[in-house]
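Undergrad: my questions concern the predicted model and sequence given below.
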Amino acid sequence: MQPLTRRTILGASVVPFFLSRGYAAARPNILFAIADDQSWPHTGANGDRTVRTPSFDRVAGVGVRFTNAICASPGCAPSRAAILTGRYPWQLGEAGTHASGFPTSLTVYPDLLERAGYFVGLTGKGAGPCNWQGSGWKRNPAGPDFSSITVKNARPGVSNIDYAANFAAFLDRRPKGTPFAFWFGCQEPHRDYEEGSGLKSGRRLDDVKVPPFLPDAPEVRSDLLDYYLEIEHFDTHLGRMLDLLEKRGELSNTIVVVTSDNGMAFPAAKAMMTDYGIHLPLAIAWPERWKGGRVYDDVISFVDFAPTFLEAAGIPVPATMVGESLIGKLDGKATGRIGVFSGRERHSHARFDNLGYPARAYRTRDYLYVRNFKPDRWPAGDPEGYYDIDAGPTKTYVQKHREDPKVRPFFERGFGKQPAEQLFDIRKDPGCLNNLAGKPEFQQTQAEMRRRLEAGLKAHEDPRMLGTGDIFESYPRYSPMRPELGGFAERGKYNPKYQRR
């Protein structure tokens, strides 16, 4: 038997393998729907009584709802790169940090599916933000772009891309009898929001359940209503896509995955190693194969998506992918994981010399353990900008009222420096307010979580564990400024000792 190598995985021999066995008709379609900045609780199926997500709830009803889905990073670019490659951000070079490059040496699942006969495409936001053009890619690593159909008079704060119409155009372009893999990258609920839009829609401040890490104030409640409205925009387009597939008789043989890339764009969530930063909504359905209405409580990682899609399509999973296919778990024939990993480096241009904030986490069903490698740095960015927190009414409110004794604890949690080690009981404390690290009664748990984190990172050859972590400080950060550079320009000053050699 020919050994499994990169050449046999990516070579032309893949297509004849399928055609000779008549797999083309049986292979499932794949619709991957990913919101931009949405935390786990904020769907109807997950218990939120204010936000309206009938489409997510529909997928959860005919499929499986995951209660402990953990993304690989609390920031857009590294999280999406991990999804595409089946690898953790610290294994991806520049693609593992925010707004840098995306090396062409990385293998992404859409390319493997395409080479095996799938018709692939994306609408909205794919891999990124990253300078994939400058890295040598001919298209976004998530696939060819189908985003040209727009709507007039889009609501402020919401993209004018008609995601569902572009999906229909994609399906119309598909060769007959060809399975598809489509990436629906909704740009919502990423900020900016139209301030007050939630209230204008008829919602009430009293309808909001304020997360425990945010102060309960009218400004915060209104901001959350605006966030909910953008989640609903994503859900509406998803519903149109599901209806289209059902109308065409293809929904039953389509794997539908609905999730987000990282947590909500509020202090102590997005870009932070908290549960609201990395714990995301997830529902997966394949009606033709899996029984619906189920709940899966074990932890899964977003590096598991790529191996899942490849196994479902009958494609060998490259040895470089560290994720585990979910097929066996969804079939009820495989056991769950004990824990998964997440981490971050640089997010925005937020610190002196454009330095990042290196942190890693290990998450089980019960606990979240965080290692902050540079606790002397500000995790949310240097004062007064704190640019790792997106601008918005809640950020403004917390900063403005930081000296108020009732608000000060929220400011410290979202904006202040953090200790080298943190341990949270996420069942009792999902807001990650009570750090258990260092407490005698949790000494054994802390030691075990530390051991598992370090062992995993060493196995992944994480530079932060090998003494070469400064490589992350050398990666450039690009901004969408100059078309002659593929739409990006390098931004920020860099400490010479960190420059690439």
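TA: Sure thing, it's come through.
Undergrad: which residues touch the nearest residue to Trp290 once chain neighbours are set aside?
TA: Among residues not flanking Trp290 along the chain, Leu330 sits closest, at 5.3 Å (Cβ to Cβ, 6 or more residues apart in numbering). To be clear about C-beta, it is placed using only N, CA and C from the backbone, and glycine gets the same treatment. Applying Cβ atoms under 8 Å, 6 or more residues apart in numbering to Leu330 gives the contacts 64, 284, 286, 289-290, 296.
Undergrad: who wins for most neighbours among these?
TA: Highest neighbour count within those: Ile284, with 25 neighbours (other Cβ atoms under 10 Å).
Undergrad: show me what contacts that residue?
TA: Counted by Cβ under 8 Å, 6+ apart, Ile284 has contacts 59, 63-64, 66, 255-258, 290, 326, 330.
Undergrad: wait, a strand at it?
TA: Yes - under DSSP: H, G, I helix; E, B strand; the rest coil, Ile284 sits within a strand.
Undergrad: tell me what it is bridged to.
TA: Val64, Val257 (DSSP bridges).
Undergrad: circling back to that earlier point, what's the closest of the contacts of Leu330 to Gly314?
TA: If you rank the contacts of Leu330 by distance to Gly314 using Cβ to Cβ, Arg289 comes first, at 13.3 Å.
Undergrad: ok, Thr107 to Thr320 distance?
TA: Plainly put, Thr107 is 6 Å away from Thr320 if you go by Cβ to Cβ, to the nearest Å.
Undergrad: comparing these two, which shows the higher neighbour count?
TA: Thr107 (19 against 13).
Undergrad: isn't the more buried one up against Ala319?
TA: No - Thr107 is beyond contact range of Ala319, at 10.3 Å (criterion: Cβ atoms under 8 Å).
Undergrad: buried stuff in the helix or strand harbouring the residue nearest to Trp290?
TA: Assigned by DSSP states H and E, Leu330 falls within helix 327-331. Within helix 327-331, the residues that qualify as buried are 327, 329-330, counting by 16 or more other Cβ atoms under 10 Å.
Undergrad: surely Ala116 meets Phe309?
TA: No - because the distance of 10.8 Å does not satisfy Cβ under 8 Å, Ala116 is recorded as not touching Phe309.
Undergrad: helices of the stretch 201-350 of the chain, start to end?
TA: 218-247, 275-278, 305-312, 327-331 (DSSP state H, counting those that start in this stretch).
Undergrad: ok, back up a step: identify the farthest-apart pair in the contacts of Leu330.
TA: Maximum pairwise distance in the contacts of Leu330, criterion Cβ to Cβ, is 15.0 Å, between Arg289 and Tyr296.
Undergrad: ok, now which ones touch the closest residue to Ile471 other than its chain neighbours?
TA: With sequence-adjacent residues excluded and distances taken as Cβ to Cβ, 6+ apart, Ile471 is closest to Pro463, at 5.3 Å. Listed by Cβ under 8 Å, 6+ apart, the contact set of Pro463 reads 90, 469, 471-472.
Undergrad: quick one: Tyr296 from Lys329, how far?
TA: For Tyr296 relative to Lys329 (Cβ to Cβ), the value is 7 Å.
Undergrad: need the residues touching each of those two.
TA: Gly336.
Undergrad: quick one: low-confidence residue ranges for this protein.
TA: 1-25, 480-501 (pLDDT under 70).
Undergrad: in stretch 273-282, what counts as buried?
TA: 273-282.
Undergrad: sorry, slip of the keys, the one I care about is stretch 441-448.
TA: 442, 445-446.
Undergrad: check stretch 401-420 too.
TA: Residues 401, 407, 410-411, 413-415, 418 are the ones in stretch 401-420 that count as buried (16+ other Cβ under 10 Å).
Undergrad: who's more crowded, Ala116 and Phe309?
TA: Legend: neighbour count by other Cβ under 10 Å for Ala116 and Phe309, higher for Phe309 (27 against 23).
Undergrad: who's in contact with that one?
TA: Neighbours of Phe309 in contact, by Cβ under 8 Å, 6+ apart: 30, 32, 109, 113, 181, 255.
Undergrad: neighbour-wise, which of those residues leads?
TA: Using other Cβ under 10 Å as the neighbour criterion, Tyr109 leads the contacts of Phe309 with 31 neighbours.
Undergrad: distance check, the closest residue to that residue other than its chain neighbours against Gly124.
TA: Excluding its sequence neighbours, the residue lying closest to Tyr109 (Cβ to Cβ, 6+ apart) is Ala306, at 4.1 Å. Counting by Cβ to Cβ, the separation of Ala306 from Gly124 is 19 Å.
Undergrad: and the two? Which one has more around it.
TA: Comparing Ala306 with Gly124 by other Cβ under 10 Å, the one with more neighbours is Ala306, at 26 against 23.
Undergrad: still on that earlier bit, inside helices: which ones of the buried residues of stretch 441-448?
TA: 445-446 (DSSP state H).
Undergrad: quick revisit: and which of the contacts of Leu330 is nearest Leu453?
TA: For the contacts of Leu330, the nearest to Leu453 is Tyr296 (23.2 Å; Cβ to Cβ).
Undergrad: hang on, isn't that closest one packed against Ala60?
TA: No - with contact defined as Cβ under 8 Å, Tyr296 does not reach Ala60; the gap is 10.6 Å.
Undergrad: what does stretch 98-106 contact?
TA: With Cβ under 8 Å, 6+ apart, stretch 98-106 has contacts from 75-78, 81, 84-85, 87, 92-95, 127-132, 134-137, 141, 345-348, 475-479.
Undergrad: mark which of those are buried, thanks.
TA: 75-78, 81, 84-85, 87, 92-95, 127-132, 134-135, 137, 141, 345-348, 475-478.
Undergrad: need the strands for the stretch 401-501 of the chain, in chain order.
TA: Using DSSP state E, counting those that start in this stretch, the strands found in the stretch 401-501 of the chain span residues 421-425, 477-479, 489-491.
Undergrad: brain fart, the stretch 151-300 of the chain
TA: Under DSSP E, counting those that start in this stretch, the stretch 151-300 of the chain gives strands at 180-185, 254-260, 279-285, 294-296, 300-301.
Undergrad: which among these is found nearest to Tyr369?
TA: Tyr369 sits nearest to strand 279-285 of all the strands of the stretch 151-300 of the chain, at 14.0 Å, using Cβ to Cβ.
Undergrad: distance from the closest one to the middle of the chain?
TA: 11 Å (Cα atoms, centre = their mean, to the nearest Å).
Undergrad: swap in stretch 336-349?
TA: On Cα atoms, centre = their mean, the centre of stretch 336-349 falls 10 Å from the chain's centre.
Undergrad: buried sites along that stretch?
TA: For stretch 336-349, by 16+ other Cβ under 10 Å, it's 337, 339-349.
Undergrad: quick revisit: can you list residues touching both of Thr107 and Thr320?
TA: Common contacts of Thr107 and Thr320, defined by Cβ under 8 Å, 6+ apart, comprise Thr85.
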